[in-house]
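S.K.: here's my sequence, what's the structure:
(one chain, ligands or ions: 1)
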Amino acid sequence: MFDFLRKKSKSESENKLFFSTDIHCHIIPGVDDGSKNLSTSLELVERMHGWGIQRILATPHVTQDTFENNRQTITPPFEQLREAIVEKGLDIELGHAAEYRLDEFSVSQFNSGDTMTYPNNYLLIENSFVQEPLNFRQLLFELMLKDYRLVWAHPERYSYYYDKAKRKAYADIHGIGVKFQVNLLSLTGYYGKEQKRIAEELIEKGLVDFLGTDLHNHRHADAIEAYLASKDYRRHRQALEGKILNDKAF
Ligand SMILES: [Fe+2]
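M.R.: Residues are numbered from 1 along each chain as shown. Predicted coordinates for the structure are as follows:
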């Protein structure tokens, strides 16, 4: 009987994440297409806590026309969620940065001098899903010249790099010093087979620096929970444990 109990608790611990800091999620209520209200945000935080997350750096979208967020729009709901977490007695540290889509609005924000970075000036950027941003490489260099340390959100989701001839872009961009953040949801297959295959290829090539949940809602949380119990997860964990920077960079 005791053997049985021991086995059970081992398998439960295997269903946790192997890092405790999530650096990419949309759980601040009402600021983007993530959590719509405080109670949903709290439920999502509780689920993340169950996966072993102890520190959340939320990253609301900053996107021209759709989510033109800045510190003024994000701080009040962020503080509301932080207080609610403390009130609930959850052992979770909450901070935030932002996920900047590379467009004119974001560039204006970078020039405003009030960019919402992670600690140590790490900056989360994303591309459009339709096409590479205009003058992309030049923009990356300009941001690096401003001393931002770039973290590229979900490179595996930009299908315009999937073509064999275009795929070299990944090694090139990583080679100039841009860190790559792959989504757990890509590794689950949630977005599709191609996204999963490219994410696995990035792991094989040693191009994955951070993992993120990119959690927006309960559906995403369901997919991550199923993944944590899967063989895929054990395989990916084996390849990445000790290598990613989630708990080290900031
Ligand atoms: Fe995101």
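
S.K.: what are the phi and psi angles of S20?
M.R.: Taking degrees, to the nearest 10, you get phi -120, psi 0 for the backbone angles of S20.

S.K.: my guess is it contacts I56, does it?
M.R.: No - with contact defined as CB atoms under 8 Å, S20 does not count as touching I56 (9.9 Å). For the C-beta atoms, the positions are set from N, CA and C on the backbone; glycine is no exception.

S.K.: higher neighbour count, these two?
M.R.: Between S20 and I56, I56 has the larger neighbour count (other CB atoms under 10 Å), namely 27 against 16.

S.K.: so how far is the ion from the more buried one?
M.R.: For I56, the distance to the ion equals 13 Å [CB to the ion, to the nearest Å].

S.K.: what about the strands in this protein?
M.R.: Secondary structure of the chain (DSSP state E): strands at 21-22, 55-58, 61-62, 93-96, 99-101, 122-126, 149-153, 179-183, 210-212.

S.K.: wait, what's in contact with M116?
M.R.: The contact partners of M116, taken as CB atoms under 8 Å, 6 or more residues apart in numbering, are V62, N70, R71, I74, H96, A97, A98.

S.K.: try 6 Å
M.R.: When contacts are counted by CB atoms under 6 Å, 6 or more residues apart in numbering, M116 is found next to A97, A98.

S.K.: so it versus E204, what's the distance?
M.R.: To E204, M116 is 33 Å away according to CB to CB, to the nearest Å.

S.K.: one more: L187?
M.R.: Taking CB to CB, one finds L187 at 13 Å from E204.

S.K.: higher neighbour count, these two?
M.R.: For L187 and E204, the more surrounded residue by other CB under 10 Å is L187, and the numbers stand at 24 against 10.

S.K.: which bits of this structure sit near the ion?
M.R.: Taking CB under 5 Å from the ion, the part of the chain that reaches the ion is made up of E99, D214.

S.K.: same thing but at 8 Å, please
M.R.: Counting by CB under 8 Å from the ion, the chain comes close to the ion at 24-26, 59, 61, 99, 126, 153-154, 183, 212, 214, 216.

S.K.: max-length helix in the chain?
M.R.: helix 71-88 (DSSP state H).

S.K.: and the closest residue to T40 other than its chain neighbours, what does it touch?
M.R.: In space, and not counting its chain neighbours, T40 is closest to P29: 7.0 Å by CB to CB, 6 or more residues apart in numbering. P29 makes contact with S35, N37, L38, S41, P77, according to CB under 6 Å, 6+ apart.

S.K.: out of the residues you listed, the closest to D232 would be?
M.R.: S35 (26.5 Å; CB to CB).

S.K.: on that earlier part again, now the residue nearest to T40: how far from N183?
M.R.: Using CB to CB, P29 is found at 21 Å from N183.

S.K.: what about A223, neighbour count?
M.R.: A223: 18 neighbours (other CB under 10 Å).

S.K.: any idea of the pLDDT on it?
M.R.: With respect to pLDDT, A223 scores 98.

S.K.: again with M1
M.R.: The model's pLDDT for M1 equals 48.

S.K.: likewise for L150?
M.R.: So L150 comes in at 98 (pLDDT).

S.K.: would you check that it makes contact with G177?
M.R.: No - contact between L150 and G177 fails when scored by CB atoms under 6 Å: they sit 7.4 Å apart.

S.K.: out of those two, which sits in the busier spot?
M.R.: Between L150 and G177, L150 has the larger neighbour count (other CB under 10 Å), namely 19 against 11.

S.K.: excluding covalently adjacent residues, which one is nearest to the more buried one?
M.R.: Once flanking residues are discounted, L150 sits nearest to V178: 4.6 Å by CB to CB, 6+ apart.

S.K.: how much space between the one you found and L245?
M.R.: Separation of V178 from L245 (CB to CB) stands at 13 Å.

S.K.: and R101, by the same measure?
M.R.: Using CB to CB, one gets 23 Å for the distance from R101 to L245.
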